[in-house]
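1. Got a predicted model here, sequence first, then my questions.
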Amino acid sequence: MAGTALVVGASGIVGSATAALLAEQGWTVHGLARRPGSQPGVLPLAADLLDAAGTKAALSQVQPDAVFITTWLRQDSEAENIRVNAGMVRNLLDGLPAPNGPRHVALVTGLKHYLGPFEAYGKGTLPQTPFREEQGRLDVENFYYAQEDEVFAAAARDGFTWSVHRPHTVIGKAVGNAMNMGTTLAAYATLCRETGRPFRFPGHQAQWSGLTDMTDARQLARHLLWAAATPAAHDEAFNVVNGDIFRWQWMWGQIAAWFGLEPAPFDGSMTPLAEQMADDAPVWRRIAEREGLAEPDLDRLSSPWHTDADLGRPLEVVTDMSKSRRLGFTAYQPTDDAFFDLFGQLRADRLIP
């Protein structure tokens, strides 16, 4: 299957990986972002999804066979997350020209579907792990649910098929992204090496010793294309992870070794990265100037708050992918290699020394 695709959030971690895979497979790819960058094989399309009229005008000449929604905007409260992010999906789908053939819309959300929104993250009565798609929604307001409802309503109105994709923490490259564990850890390791500080796991004992999994952006991109091209996957929601499981007490050592560090012993106490890195912006700027790095602003590379949220969870988080496997999705991505590939790309692009 190849046709015309619209990737919404094309400058982000998931969107850029999805656009790259689509272009590689011969699709005509329109990459929508507020400030679209330059990506080989991707036609840039500038639009602010908060502006309904502007979005409609920007999309007037685009007739996509598949739409991939990979963007969101973080707000100060869940009520605002719902208002803004549901409105963005609604403006997008209302702004598309009426389809002149079959159309598929894929929405990327995540495991907050099972864990709850930031305001109630990991609290209350949660479903058992591994999380399975049939466990459904929590009894709490959640902007992921609001985004889904906008897709479902538009699909009923316009007759397109849909899929929902729920990755665990995503590993991939994007500068200025609000949810970016891989680059955050790369920056943290670089700072530890520079300053001689211990490379200390910042999170909870449950994450250190419990099982977990993650999602490479390239694995998620493969899953998005598979669902768009597989009729049996239409009108379904899916978990999507790499296919391996690990404990952070092992992975922390793998990451440390890549940067030539010794991992600090973990004593069970939490030392959040937001605190550890709070005063590191000037240090990073000095490193960037000395090494000729492309991004001297640490805030554009790292998102300690999000990494702290993931690594600070007081419960084991493992995701079941049986639903996708039964329908034929068999791709696999070792998570340590996902980190190493990202670190190598960051170094090649002069984002870390």
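-> Perfect, thanks for sending it. Computed from a prediction, not measured in an experiment: that's the story for all the values here. Residues are numbered from 1 along each chain as shown.
2. ends of stretch 136-152, how far apart?
-> 15 Å (Cα to Cα, to the nearest Å).
3. which residues are contacting it?
-> 69, 72, 78-79, 81-82, 85-86, 89-90, 93, 105, 107, 109-110, 112-114, 116-117, 120, 124-126, 162, 164, 237 (Cβ atoms under 8 Å, 6 or more residues apart in numbering). C-beta here means a position set from N, CA and C on the backbone, and glycine is covered the same way.
4. Run through the bridge partners of the closest residue to H223 other than its chain neighbours.
-> Nearest non-adjacent residue to H223, counting by Cβ to Cβ, 6 or more residues apart in numbering: V240, 4.4 Å away. Counting by DSSP bridges, V240 forms beta bridges with P167.
5. What count of nearby residues applies to V240?
-> 27 (other Cβ atoms under 10 Å).
6. you'd agree it is up against H165?
-> Yes. Counting by Cβ atoms under 8 Å, V240 touches H165, with 5.3 Å between them.
7. Show me whatever sits in contact with both of those two.
-> L220, H223.
8. Run a quick neighbour tally on A23.
-> Neighbours of A23 (other Cβ under 10 Å): 19.
9. I figured E78 was touching P117, is that so?
-> Yes. The criterion here is Cβ under 8 Å, and E78 meets it with P117 at 4.6 Å.
10. ranges for the strands of the stretch 201-350 of the chain?
-> 211-212, 215-216, 236-240, 246-247 (DSSP state E, counting those that start in this stretch).
11. Number of residues surrounding A98?
-> A98 has 8 nearby residues by other Cβ under 10 Å.
12. Check G54 too.
-> 15.
13. In a helix, it, correct?
-> Yes. Applying DSSP: H, G, I helix; E, B strand; the rest coil, one finds G54 inside a helix.
14. got the contact list for it?
-> A47, D48.
15. out of everything not next to it in sequence, what's closest to E194?
-> Per Cβ to Cβ, 6+ apart, closest to E194 is I287, 5.8 Å.
16. confidence score at that neighbour?
-> We note a pLDDT of 98 for I287 in this prediction.
17. thought it was touching P353?
-> Yes. I287 is within contact range of P353, at 6.4 Å (criterion: Cβ under 8 Å).
18. ok, so what distance separates A156 from E150?
-> 11 Å (Cβ to Cβ, to the nearest Å).
19. Comparing the two, which residue is more hemmed in?
-> Per other Cβ under 10 Å, whichever of A156 and E150 has more neighbours is E150, with 21 against 10.
20. Give me the phi and psi angles of that one.
-> Here is the backbone geometry of E150 (degrees, to the nearest 10): phi -70, psi -40.
21. what about the nearest residue to it once chain neighbours are set aside, neighbour count?
-> Using Cβ to Cβ, 6+ apart and skipping the chain neighbours, the partner closest in space to E150 is V89 (4.1 Å). Applying other Cβ under 10 Å, we find 25 residues neighbouring V89.
22. So V89 sits against L107, correct?
-> Yes. Assessed by Cβ under 8 Å, V89 is found in contact with L107 at 7.4 Å.
23. what is in contact with these two at once?
-> Common neighbours of V89 and L107 (Cβ under 8 Å, 6+ apart) are I69, Q147, V151.
24. Specify the beta-bridge partners of the first one.
-> So the one you mean is I69. V8, L107.
25. Run a quick check on it versus A106, I expect a contact.
-> Yes. Shown here, I69 and A106 form a contact pair, counting by Cβ under 8 Å, at 6.8 Å.
26. out of these two, which sits in the more crowded spot?
-> I69 (29 against 26).
27. ok, that one - contacts?
-> I69 neighbours (Cβ under 8 Å, 6+ apart): V8, G9, V89, L92, V105, A106, L107, V108, Q147, V151.
28. The first one: neighbour count?
-> A count of nearby residues for V8, using other Cβ under 10 Å, gives 28.
29. buried stuff in the lengthiest helix in the chain?
-> Longest helix of the chain, by residue count under DSSP state H: helix 78-95. Buried residues in helix 78-95, defined by neighbour count with 16 or more other Cβ atoms under 10 Å: 78, 81-82, 84-93, 95.
30. pLDDT and distance to A187 added to these, as a markdown table?
-> Below are the buried residues of helix 78-95 laid out as a markdown table (pLDDT from 0 to 100; distance: Cβ to Cβ, whole Å):
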| residue | pLDDT | distance to A187 |
| --- | --- | --- |
| E78 | 93 | 28 |
| N81 | 95 | 26 |
| I82 | 96 | 31 |
| V84 | 97 | 28 |
| N85 | 97 | 27 |
| A86 | 97 | 33 |
| G87 | 98 | 33 |
| M88 | 98 | 29 |
| V89 | 98 | 31 |
| R90 | 98 | 36 |
| N91 | 98 | 34 |
| L92 | 98 | 32 |
| L93 | 97 | 36 |
| G95 | 97 | 37 |
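31. what distance separates the helix or strand where L22 lies from the middle of the whole chain?
-> Following DSSP states H and E, one finds L22 within helix 13-24. Centroid separation for helix 13-24 versus its chain: 13 Å, with Cα atoms, centre = their mean, to the nearest Å.
32. can you list contacts of that helix?
-> Contacts of helix 13-24 (Cβ under 8 Å, 6+ apart): 5, 7-10, 29, 31, 33, 39-42, 68, 70-71, 108, 167, 170, 172-174, 177, 179-180, 217-218, 220-222, 224-225.
33. From the residues you listed, keep the buried residues only.
-> Buried among these (16+ other Cβ under 10 Å): 5, 7-10, 29, 31, 33, 39, 42, 68, 70-71, 108, 167, 170, 172-174, 177, 179-180, 217-218, 220-222, 224-225.
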